[in-house]
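S.K.: Quick one: sequence and predicted model below, then my questions.
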Amino acid sequence: MEKRIAILPGDGVGKEVSRGAVTILQAVAELFNHKFHFTYGEIGGAAIDEFGTPLPEHTLDLCKGSDAVLLGAVGGPKWDVMPGHIRPEKGLLKIRKELGLYANVRPVQYYSSISGISPLRKEVVEGADMVVVRELTGGLYFGKPSERSFKKGEASVVDTLYYQKNEMERVIRYAFELAAMRKGKVTSVDKANVLESSRMWRETAEEVAKDFPAVQLEHMLVDNAAMQLIKNPRQFDVLVTENMFGDILSDEASVLTGSLGMLPSASVSLTGPYLYEPIHGSAPDIAGMNAANPIAMILSAAMMLRLSFGLEEEAEAIENAVQQVLDAGSRTRDIAVFGTPFLTTEGMVEEIKAALLDNEAILNIMSAYA
Ligand SMILES: NC(=O)c1ccc[n+]([C@@H]2O[C@H](COP(=O)([O-])OP(=O)(O)OC[C@H]3O[C@@H](n4cnc5c(N)ncnc54)[C@H](O)[C@@H]3O)[C@@H](O)[C@H]2O)c1
Ligand SMILES: CC(C)[C@H](C(=O)O)[C@@H](O)C(=O)O
Ligand SMILES: [Mg+2]
């Protein structure tokens, strides 16, 4: 198979983890005899520095002309003080809007070999397996009016939570389709006791549910959902929710796995290429230190192979390699028990690559950690 993949490393650890994902994809191409053409584009702070805008036209064109897009992360303190309120994050919001990426799919998978890393008790997190489906091109992030150019000292400010019904309908439908292939339950998360938009969200969920008689629908208020996620995470299958609620709940859900560095995502559209990115940010506190966990990015690449290219076996090969190195005891700092040895970003990528290319290699890793 021959595919064009746009790589947008972005800022901070985004650059380090996307290098890792490309290494793994090259190994997959070699192993399974595919041709992946990687073309690099700028986004976020890196694009501001070079072109004065967080999403240059040529980056957008590159993405539109590719079969899939892999994105690292954007942002960092360097650009928090930019004049004219040019923010790296605006590039991310714009690419999501321009590519029509209406649903952001964030699987939260429990790995038994690193269960000790979560601050939650093993009995609570064991077996947790859910997907957060986050609406991605509407809601509070995109509603107008919005005073994105708030200036210090102003006495009032406005952000707007706006949705058209069809924007709710398509993402909720996606969640139901996903649940029908999984455990058959959708938890629709809203704030219907306060927000009018949430009342429409609830009504829409009820309407979509009629087309999926085998899928159970429950409604949950977002504040309760935040609590239930860490109290009893096994109750969840697919959660579907507004843009900002989904942003917050998915970072929270990463605590079940032990680290933000473990959670991949896929953003799907009705027409153009899908975009894949870890859910974490540019991690300025560890950027440039070869310390980031590349697994979220590598698992995002696996999601790309499965969802965009239909390469199920290849996706599974990556996921199995990740599972194997974790089972064998390989750790980056974020998932290492305090005081125990850990690998660099590159070290982890090399071990995953070795596991992918040669199952024998994993035995050597295991003996090294024994
Ligand atoms: N999709 C994106 O591009 C994205 C997502 C979130 C935040 N951001 C941006 O990133 C910048 C920093 O934001 P933040 O600090 O709130 O969130 P962050 O996700 O960058 O980091 C939060 C914490 O998680 C850790 N972490 C994140 N990814 C990790 C990884 N792969 N391995 C190990 N540890 C990891 C960081 O070290 C930090 O302690 C901001 O500018 C923010 O806007 C971008
Ligand atoms: C950087 C920011 C705009 C972004 C978001 O809120 O969508 C991030 O937190 C994410 O989760 O991808
Ligand atoms: Mg986020």
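M.R.: Okay, I see it. Keep in mind that what you see is a predicted model, and the values were worked out from it rather than measured. Ligands and ions are numbered 1, 2, ... in the order given.
S.K.: Would you check that Leu357 makes contact with Val28?
M.R.: No: the criterion here is CB atoms under 8 Å, and Leu357 misses it with Val28 at 9.5 Å. C-beta coordinates here come from the backbone N, C-alpha and C atoms, glycine included.
S.K.: okay, those two: which has more neighbours?
M.R.: In this view Leu357 and Val28 are compared by other CB atoms under 10 Å, and Val28 has more residues nearby, 24 against 15.
S.K.: Make sure that one is indeed in a helix.
M.R.: Yes: membership of Val28 in a helix is supported by DSSP: H, G, I helix; E, B strand; the rest coil.
S.K.: so how far is Lys94 from Leu299?
M.R.: 25 Å (CB to CB, to the nearest Å).
S.K.: Let me see the contact set for the residue of the stretch 51-200 of the chain found nearest ligand 1.
M.R.: Closest approach between the stretch 51-200 of the chain and ligand 1, counting by CB to the nearest ligand atom: Gly75, at 2.3 Å. Taking CB atoms under 8 Å, 6 or more residues apart in numbering as the contact definition, Gly75 lies against Gly10, Asp11, Gly12, Gly44, Gly45, Arg87, Pro88, Glu89, Gly281, Ser282, Pro284.
S.K.: Kindly recompute the last result at 10 Å.
M.R.: By CB atoms under 10 Å, 6 or more residues apart in numbering, Gly75 lies in contact with 10-12, 14, 44-45, 54, 87-89, 91-92, 281-284.
S.K.: go on, Ile5?
M.R.: Neighbour list for Ile5: 21-22, 25, 36-39, 66-70, 273, 276, 301, 304, 308-309 [criterion: CB under 10 Å, 6+ apart].
S.K.: Buried only: go through these for me.
M.R.: Neighbour-count burial (16 or more other CB atoms under 10 Å) applied to the contacts of Ile5 gives 21-22, 25, 36, 38, 66-70, 273, 276, 301, 304, 308-309.
S.K.: From Leu263, how far off is the residue of the stretch 201-350 of the chain found nearest ligand 1?
M.R.: Of the residues in the stretch 201-350 of the chain, the one nearest ligand 1 is Gly281, at a distance of 2.2 Å by CB to the nearest ligand atom. According to CB to CB, Gly281 and Leu263 sit 12 Å apart.
S.K.: What of Arg19?
M.R.: Distance of Arg19 to Leu263, given as CB to CB: 19 Å.
S.K.: about what we covered before: select only the buried ones of the contacts of Gly75 in ChimeraX?
M.R.: Here is the ChimeraX command that selects the buried residues among the contacts of Gly75 (16+ other CB under 10 Å):
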select :10,11,12,14,44,45,54,87,88,91,92,281,282,283
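S.K.: Let me see the mean pLDDT of stretch 90-98.
M.R.: The average of the pLDDT scores along stretch 90-98 is 97.
S.K.: Just the buried positions in that stretch, please.
M.R.: Lys90, Gly91, Leu92, Leu93, Lys94, Ile95, Arg96, Lys97.
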